[in-house]
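# dropping a prediction and its sequence here:
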Amino acid sequence: MKSLILTIASLAFAASAALAQDVVRLGTEGAYPPYNYLDDNGEVAGFERVLGDELCERAELECTWVTNDWDSIIPNLVSGNYDTIIAGMSITEERRQVVDFAQNYSPPASSAYAALSEDADIEGGVVAAQTSTIQAAHVAESDATVLEYPTPDETVSAVKSGEADAVFADKDFLVAIVEESELVFVGEDVALGEGLGMAFRKSDPELRDKFDAAIQSMKDDGTLNELIVEWFGEDAPTF
């Protein structure tokens, strides 16, 4: 899914191990439905909220949720503002240079283009994508011109206002928008990334291993697949 294009090699930090704390802080964006969003009460909701709460229970950890803007979500993990990221984040080799991942909790899913008309130029036109994502990187490597925006909602607005010919994002994010607006899907779906994963500081292998075991237990008993189908439908990729 989403993939930050960040270099944080020069970032210095001093963060104590998460397991030394009474509460493990789960960092998310809170702006990428259905993965994560804020409900009417301002509380984190979505697929990853349900998943994260279940993983914490299985790992016998007390957890709390923290929201953070996407473009600084990895630096603020590394600097100790929270203990793990669960935010629709694709596992990539570039990210592995900065953080560690537990095993994926969602298989690689499709990204898609949406536009105001089916003949929109997605190959050589202007395509909007959220900044520092795997989708933005994909467009940048094509013959199209990428326009990057801080939030996913801004990428959709760019198409509606005519600033961009199309938006390229996770299809699961775009489905509801296409159903509720004048946008239509254009072209073929594109599979990107290695699936979604929880990110951890490299100094927290014990915490990573606890969540990794919890994810494996949900795969083993089938509850992870059930949760994926509940949130994304019968056609969603499962384990």
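Received the coordinates, thanks.
# can you name the next helix or strand after the longest strand along the chain?
Counting by DSSP state E, the longest strand found in the chain is strand 184-191. For strand 184-191, the following helix or strand on the C-terminal side (DSSP states H and E) is strand 199-200.
# show the residue spans covered by the strands in the protein.
Under DSSP E, the chain gives strands at 24-28, 31-32, 36-38, 44-45, 63-67, 84-85, 100-101, 110-115, 126-130, 145-149, 166-170, 184-191, 199-200.
# tell me which strands and helices the fifth one is in contact with?
Other helices and strands packing on strand 63-67, by 3 or more CB pairs under 8 Å, 6 or more residues apart in numbering; DSSP states H and E, are strand 24-28, helix 47-58. Yep, even glycine has a C-beta here, placed from its N, CA and C like the rest.
# for residue 96, which of these is the nearest?
strand 24-28 (17.8 Å; CB to CB).
# parallel or antiparallel, list what pairs with the closest one.
strand 63-67 (parallel), strand 84-85 (parallel) (DSSP bridges).
# return the helix or strand in the chain with minimum mean pLDDT.
For the chain, using mean pLDDT, DSSP states H and E, the weakest element among its helices and strands is helix 93-96, scoring a mean of 92.
# list the buried ones in that helix?
Under the neighbour-count criterion of 16 or more other CB atoms under 10 Å, helix 93-96 has residue 95 buried.
# any weak-confidence spans in the protein?
Scanning the chain for pLDDT under 70 picks out 1-21.
# any idea how it splits into domains?
18-107+194-232, 110-191 (automatic domain parsing).
# any chance of these in JSON lines with distance to residue 238 as columns?
What follows is those, written out as JSON lines (distance: least, CB to CB, whole Å):
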{"stretch": "domain 18-107+194-232", "distance to residue 238": "4"}
{"stretch": "domain 110-191", "distance to residue 238": "13"}
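# quick one: end-to-end distance for stretch 140-155.
Using CA to CA, to the nearest Å, one end of stretch 140-155 lies 15 Å from the other.
# give me the contact list for it.
Here stretch 140-155 makes contact (CB atoms under 8 Å, 6 or more residues apart in numbering) with 31-32, 69-71, 121-132, 136, 139, 158, 163-164, 167, 169, 173.
# check which residues of it are buried.
144, 146-149, 151-152, 154-155.
# alpha carbons only: can I get the lengthiest helix in the chain in PDB?
Counting by DSSP state H, the longest helix found in the chain is helix 205-221. Presented in PDB, the C-alpha positions along helix 205-221 are these (Å, rounded to 0.1, in the frame of the first residue of the first chain):
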ATOM      1  CA  PRO A 205      13.000  -6.300  18.700                       C
ATOM      2  CA  GLU A 206      11.100  -7.800  21.700                       C
ATOM      3  CA  LEU A 207       8.000  -5.600  21.000                       C
ATOM      4  CA  ARG A 208       8.200  -6.500  17.300                       C
ATOM      5  CA  ASP A 209       8.400 -10.200  18.100                       C
ATOM      6  CA  LYS A 210       5.300 -10.000  20.500                       C
ATOM      7  CA  PHE A 211       3.200  -8.400  17.700                       C
ATOM      8  CA  ASP A 212       4.600 -10.800  15.100                       C
ATOM      9  CA  ALA A 213       3.500 -13.700  17.200                       C
ATOM     10  CA  ALA A 214       0.000 -12.200  17.600                       C
ATOM     11  CA  ILE A 215      -0.300 -11.700  13.900                       C
ATOM     12  CA  GLN A 216       0.700 -15.300  13.200                       C
ATOM     13  CA  SER A 217      -1.900 -16.500  15.700                       C
ATOM     14  CA  MET A 218      -4.600 -14.600  13.900                       C
ATOM     15  CA  LYS A 219      -3.400 -16.100  10.600                       C
ATOM     16  CA  ASP A 220      -3.400 -19.600  12.100                       C
ATOM     17  CA  ASP A 221      -6.900 -19.500  13.500                       C
END
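# brilliant, that's me finished.
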